Structure formats: structure tokens, C-alpha cells
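**Q** Quick one: sequence and predicted model below, then my questions.
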Amino acid sequence: MQGERTPGAAPVPAAGREPAEGPEPGQRPGGGPALELRVHGVGGATPEEMLGDPRTRRITGDDTAAVHRRAADVDAESRPRDHAGRTVPEAYCWSPLTSGNSARALWLLLLPFMVANLAHWMRPAAAGRRTAVRLHGTLVRLLALSLTVLLVAAACEVALDQVAWQCAGSPECAGGRSWLGFLAVDDRGAGGWWSAPGRRLALAALVPAALTVLLWWLSHRTWSAYETQPPWQRPVETDGPPDGERPALCLPGFWYGRRLVARLRAAHTAAGFLTVAAALTAAASRFDRRPGGSLVLDTFGWVLIALLVAGAAWVVATVCARGRKEQVPDDRLDRLTVRALPGASAAVLVLCALHAAWDRPGWGSGGVLPGDETFGVLAVAQGCLVAALAVLGALLHRTTRVPRTVLHGQGAAATAMLACALGGVMSGGVAQRVADWLDGGGTPGTGDGPIPGPPTVLTWQAATIPVLLGVAVLLLAVLAVRTWRMGRRLAGTVHHGYPGAVRDAARSRRIGRVLARAALTDAAPRLVGVVALVALVLGGVAVLGTWLTGEVPGHAADGAPAVIDGLADTAQALGSWMIGFAFLLLVTCGRRAYRDASTRRTIGILWDVGTFWPRAAHPFAPPCYAERAVPDLVWRMATWTGRYSGGRLVLTGHSQGSVLAAAAVWQLDHATRRQVALLTHGSPLERLYGRWFPAYFGPRPLGALHGELDCWRNLWRLTDPIGGPVRLPDDGRPEVDRGPLRDPLAYGRTADQPLPAPILGHGGYAADPAFDEERDGLLARLCPDGRVPAQPAPAEAPVPPGAAEAPHSGSGRSSA
């Protein structure tokens, strides 16, 4: 059963069973035992599903990730005669890494951080441009730091400004809320000890400070489980190229980010504390500087400001100091930074809270809390960083042009802009939602309620959401029409791919629609690029409108033509509702994921794709599961092939599992790699990863992998919306791609398929006869005395006329 475990990398014979006579265990005629190590894709799969047997056992691993076998195959190496002529299948199950316990629901709060981290890895290829590569990493890390400040600033806006400053200082707002009674003031401005503005702010500062501690705890907890996994210590190779000339994923320290994440975590935690401290100090210092203010408090305020500036400089220097070290696994920790920086920042926060809570006769709260311009400054800084990334991406792409790179090298800039937009939606959403709740029957920001509401720039940003959403809907409508037309064209010719088939209009329409929808994946870069550009422009309009008018859009348009005034009022009302709804939807999804495992698995698909890469830019992003999965696979392959010198191992990976499989093969030493073959199916290696991450999965790195691993085959279909050909150039080595495979296997009812065959799309590759053919062919090529043609005869379907319109169709040899 799944929960049972047989310890050891190589199982021993079952009790009471004598080993079969013949060769020594682990050796048999034909070159030794044959193992098929299967790796599932997005969404996960159970060991029973992967192995096709209800009786499975865990042979190594834990509840988070493990290798399973059929119960009958646990001691297969001890009984070579019983398994002669067939492979022993194993299943590596890693889905709990992204959709395991209920704490994964909290990861939804980290979505902007995850997207920012992806931007780090999307830089264009940059052969010999080390300075540009370092600059790219620095820009993305600074943008990631701004997202942390934005999130904590949003918590300060809600807790300090709207609740403690505005609502608790307004008898009308606090009157109907008993939970605010101890903080509230009456109509004469009098109240209890906690009703002093500074003490209210100091108490409310516990909320953003607790949020910062929560982020630190999540990062530290996952850092201990993921980044500290020791990589495989492979033998030193002297016959290959030096590490500086090898693809990055080959380097021993690539999947070991212990030092960088610890340093960045300290910097971001300190930034959170300093943001809260700055909000407290800004309010208290403004009162102290008025005529007749306390000289002592004013002087202490300037000292605190100096400490805040020094702390901010330390944070920025830590973030910019150095990036990842991948040549060797880096076990060192910057203990001064890791320990002293967060501690010193927390101490400054305590001093700022004490300074703000000090008794100040005559101090009252009115209007908005000083420092609301922070959101505008952050928006400008993020826009400048995105623009710098765009310029750098264009220069790098022009220098090292890689075919099929998305957006001509602008993928990192577009993705970084989307991260900022997501951060703005989350921060603005919570501010608008809380303001709407506190304002009673009023509209936040319009001045018709008991409180002023959120900062003006947040209202402007919310007003741009209907415009951005309208652009996105228009683009989706255009894509829908194009997909419908393509489906109709393909429906007229799809039966030509099945010799002798009689056209069935309904069947052809279904297949044509699937083919057309599968091609939508290749249109995603344009959609992302246009939405990111529009978001950047609208963000600039929001900041400019705030600085020029100082009013919310509805009031700023007063006196304009009626159409413009009406549009401004409508955009403001719709935007406030939409941004609040988006925040509530996110909270609802998180709550449901916390309670329901099936919902958690569905959301886990997002993490499967988004958290493959190490946390190189944002330490609060969801953890990189590949830092556990890749070493797991490498250890399993290296130890098994090391134990059975004549053994042959086929690593089969589906979907995201194929990316993990390729990354694991890259980490193997040359001697181990000679015993390993790779079979990928439904693989996004080139179609998604090669285009979005060209520096790591472009033609050059994938070509280098093929040069070190001749036994590699890739299966793909035109109906697959995710997988596609690898598209390696024709350089005389055995071809990798086999496809497009026929899907469905039969067009209509036949003697072999009396019932209608399903359209498999992205799944079911193992049910295709080509899968067994290619696996057996790879094993034969690995066998020392087995001889098969270097290129097995293909059995793929002819490409239907018109299907070549699908961007990922073709022989797989083209690099265009």
C-alpha cells in the first residue's frame, strides 16, 4: 500500500524468498537491470495511477516527495530472471511539494512576489555580458524589494491610517464600533489613555509588524525545508568544458540557494520593519516640528530619521551586493547581515513606537495620515525599474538574438510589470474594501463619509482597472474569433490525417476546435505584452493625475464636459468595487484552499509552474520545489546506476515533470549519464520554457544537453496546449522529436477501435503505442550489446492541411 515503506535505495528480497539462480543480483544478460523512473506533471498523480496498480509501496522518501514501486517489484533487482525482458517501473511523486498541507493557502498572498521572481529568470540570453546580467539581477531584486514595501505600506494604510488615525479620531465613525471604543475620542476630542493619536498609531503598528513577522516565518520555514537540501556531490570531471562554459542548470550550486535567500530574507524583513517605523515617525515628527513643539522630541525624531535612512541604505546595499553563486554549493551564511539587520530594524521600530506614544498635549488626528504620498513614490520607482528592464532586455536581445524569444526580449519587463500590477490590486483592494466598510454609506475618497478614505493615488489606480479590464476583454474577444475561424478551417481538413476515413462533420468540428484551442498558448506572449504596456501607461496616468489635481478622478473631472465627467465617476465607482471584489475573491480562494484539499490541488497547479525556479529575487515568494525534487531525482539515478554498473535507466517525464527530468539529467556526471536515457512527453521545454526563459532553456542550452545525452526522445501532439517539439537544429546527432502523434488515435469507429477514441490533448501519452516503442528503443540504445537504428521509424500522423497554422507544428528540427 502507498503508506508502507521499505527502507534503502535498493530493496532487498522479501522475507522467506530465495533469490533466483543465475547472474548475481543486479546483473543479467543484456546489460543489467532496466529501470523506468516516471515523473508526473502539473496537478500531480497518485502512485497507483502512475504505476497502474492499486498495490504500491514507498521505497525511499517521505510524505512530501517519494519514490514508489509496485508491491510485486519491490525486490526486482534480487530476482533478475523474474523481470527478464521488461523494465521495472518506479514513480516519483512530488505533488505534495506544492499542494500538500493547508498552509499552502497562505501562498496566495505571495502571488506578486512569485511573479517578480519569475522575471529574474526571464532575461534574454547574454553570452559574455556579465555586467549586464548582474545589472538585470539587481534591477529585479530592487523591484522585488519595492513589492515588500508596498505590501507592508498597504497594511500600514489600513491599520494606522484608516482605523487608528481616521476612524478612531472621528466620533461619527467610531461611535457604532464598540471594538474601537478604547481608542476613540468624543466630540470634544477627549478620551482615554489609548485615545492619544501617537498611542493609537503605536498599537495599530502591531498589525503590519505582525504581517512582516508572518512573512519572515513562512520564508524561514520553507527555507529550512527546501533551500537547505544538500545537492548531489558529483565526481570532478576533467574531460568536459569548464563550468563557466556550461549551461547554468549544469552547475553544482544552481539548486542550492541557501545563502542568497537567507540574506534577502533579512533585507526584506528589515524593510518591512523600517516601513512601519517610518509611518510612525512621519506622523509624530510633523507635529513636533510645529511652532511650540517639544525640542527634545523633535531632536529625537531627527535621530530616528537618521537611523531609518541608515537602515534603508543597509537594506538596499544588501539587496544589490551580490546575486547567486552557482559554480559551487555555497554553504556560508552572512551572519552579520542575517542576524543583525532584522534585529536592528526591529529595535528602531520599537524606538519609533515609543517616540510616537509619548505624551503630546494638543495633538489630534485629522485628514489623512502623513506619508500617503508613499504609494505614488513607489509607483514611480516601480515604473522606472520596469523601464530600465525593458531597455536592458532590448540591448541583450539585440546582442545575443535567440529565435522565438517572447516579446523580443521584453518578457522580463512585462512580467515585472504584471507583478507590480498584482501588488497594486492587492494593496489597493484591501485599502478600498476597508475604507468602504468604515465609511458606512459614503463612497471612499469622495468626502461624503465620516473619514477621508484611502490615499488619492490608490483611488486613481482603482479607477484604471475598468479600462485595463476592457482592453483585456477586447484582446480575448479577438483571440476567441481567431480561434473560432481556425477551428472551422481545420475541421474541413482534419480527416485527411486518417487515410481511408470518411468525413464526419461533428467529429471534425470537435477535433478542429481542440487543435485551434491548443494553439492559443502561443498567442499568450502578445496578450501579456499588451496588458503589461497598458498597465504601465495607466499607472503613469494615475500618478500624474494625483500630482496635478490632488483630487480623486470624480472630483478632478468636475467642470469638464458631461461625457468625461460621467466616465470619470463611473470608472471611479466601478474601480473601487472591482478592486475590492478582487481582494475578496483572493481571500475566498485562500480560505477554501485552506479547508479543501481538492481546491488546494487545483491552486497547486499555479505553483507547479510558478515555483519551479529558485528564489533569486524575492525571499518571500513561494519556495522552489525543484530545489528538493531535482536533488531527489539526481540522488536516485546516481545511487541506482552506481550500484548496478550494467543497469539502464529511462527517465520519463510528462509536462512539468519533463522539465524536472531535464534539470536532473543536467546535474548528472558524465559516467552516470551514459546509463540514463530521457523520454519526455507533453513537454513545455521549448514551447514555454525555451521561449520565456531563453538564457536557461534556449536552443544553446538544450543543444548542449542533447550533446551530452544522445538517448533522448520527445513525444508531442498538435492537440496539446502545453507540450510541443524541442526544435533542436539538425547537427548530425539522433533526432529528438517524434511527432505530431495522431490524436485521436482513430478518427471514427474501426475494427481496432470499435468505440470512439478520445481526444487526449495534454494527457494520456503513455496510452499511445509510440510511448512503449520509444521507451524500448531508448533501452536498446543504452544496452551495450543491443543494436537498433539510430532513428526509429516514426509512426506519427500526417499533419492535416491547415494544421501547420498552429505555431508549434513542424518536424521539430526548425529553430525558427
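**A** Yep, it's here. Numbers count the residues shown, from 1 in each chain.
**Q** now the nearest residue to residue 287 once chain neighbours are set aside: how far from residue 185?
**A** Nearest residue to residue 287, sequence neighbours excluded (Cβ to Cβ, 6 or more residues apart in numbering): residue 363, at 5.2 Å. From N, CA and C alone the C-beta is placed, and that goes for glycine too. With distances taken as Cβ to Cβ, to the nearest Å, residue 363 is found 11 Å from residue 185.
**Q** With neighbour numbers in mind, choose between the two.
**A** For residue 363 versus residue 185, neighbours defined as other Cβ atoms under 10 Å are more numerous around residue 185 (20 against 16).
**Q** what is the mean pLDDT for stretch 466-475?
**A** Stretch 466-475 carries an average pLDDT of 93.
**Q** just stretch 60-72 next, same as before
**A** Here the average pLDDT along stretch 60-72 is 92.
**Q** first vs last residue of that stretch, how far apart are they?
**A** 16 Å (Cα to Cα, to the nearest Å).
**Q** How about that stretch, which residues are buried there?
**A** 60, 61, 64, 65, 66, 67, 68, 69, 70, 71, 72 (16 or more other Cβ atoms under 10 Å).
**Q** can you check stretch 723-733 too?
**A** For stretch 723-733, using 16+ other Cβ under 10 Å, the buried residues are 723, 724, 725, 726, 727, 728.
**Q** tell me how far that stretch is from the chain's mean position?
**A** Its chain's C-alpha centre and that of stretch 723-733 lie 27 Å apart, by Cα atoms, centre = their mean, to the nearest Å.
**Q** can you give me phi and psi for the residue positioned nearest the centre of the chain?
**A** Centroid-nearest residue in the chain: residue 610, 2.1 Å away (criterion: Cα atoms, centre = their mean). Main-chain dihedrals, residue 610, degrees, to the nearest 10: phi -80, psi -20.
**Q** Read off the pLDDT value for the residue lying farthest from the centre of the chain.
**A** What lies farthest from the middle of the chain is residue 292; by Cα atoms, centre = their mean that is 53.5 Å. pLDDT recorded at residue 292 is 78.
**Q** I'd assumed it was in a strand, is it?
**A** No - secondary structure of residue 292 (DSSP: H, G, I helix; E, B strand; the rest coil): coil, not part of a strand.
**Q** Number the chain from 44, please
**A** Got it, the first residue is 44 from now on, which makes the last one we talked about residue 335.
**Q** So it versus residue 402, what's the distance?
**A** Applying Cβ to Cβ, the value for residue 335 to residue 402 is 15 Å.
**Q** which stretches of this protein aren't confidently modelled?
**A** Residues of the chain that meet the criterion pLDDT under 70 lie in 44-74, 142-149, 229-233, 277-288, 484-491, 633-649, 826-859.
**Q** In it, where's the longest helix?
**A** As assigned by DSSP state H, the longest helix anywhere in the chain is helix 605-638.
**Q** buried set for that helix?
**A** Neighbour-count burial for helix 605-638 flags 608, 610-612, 614-623, 625-626, 629, 633, 636-637 (criterion: 16+ other Cβ under 10 Å).
**Q** likewise stretch 465-480?
**A** By 16+ other Cβ under 10 Å, the buried positions in stretch 465-480 come out as 465-479.
**Q** In CSV, list the C-alpha atoms belonging to that stretch.
**A** Coordinates of each C-alpha in stretch 465-480 appear next as CSV, following Å, rounded to 0.1, in the frame of the first residue of the first chain:
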residue,chain,number,x,y,z
LEU,A,465,-0.9,42.4,-8.9
GLY,A,466,0.7,44.1,-5.9
GLY,A,467,-1.3,47.2,-6.6
VAL,A,468,-4.5,45.3,-6.9
MET,A,469,-3.8,43.5,-3.6
SER,A,470,-2.8,46.7,-1.7
GLY,A,471,-5.4,48.9,-3.2
GLY,A,472,-8.0,46.2,-2.9
VAL,A,473,-7.6,45.9,0.9
ALA,A,474,-7.5,49.6,1.3
GLN,A,475,-10.6,50.3,-0.7
ARG,A,476,-12.5,47.4,0.9
VAL,A,477,-11.7,48.5,4.5
ALA,A,478,-12.4,52.2,3.6
ASP,A,479,-15.8,51.2,2.1
TRP,A,480,-16.6,49.3,5.3
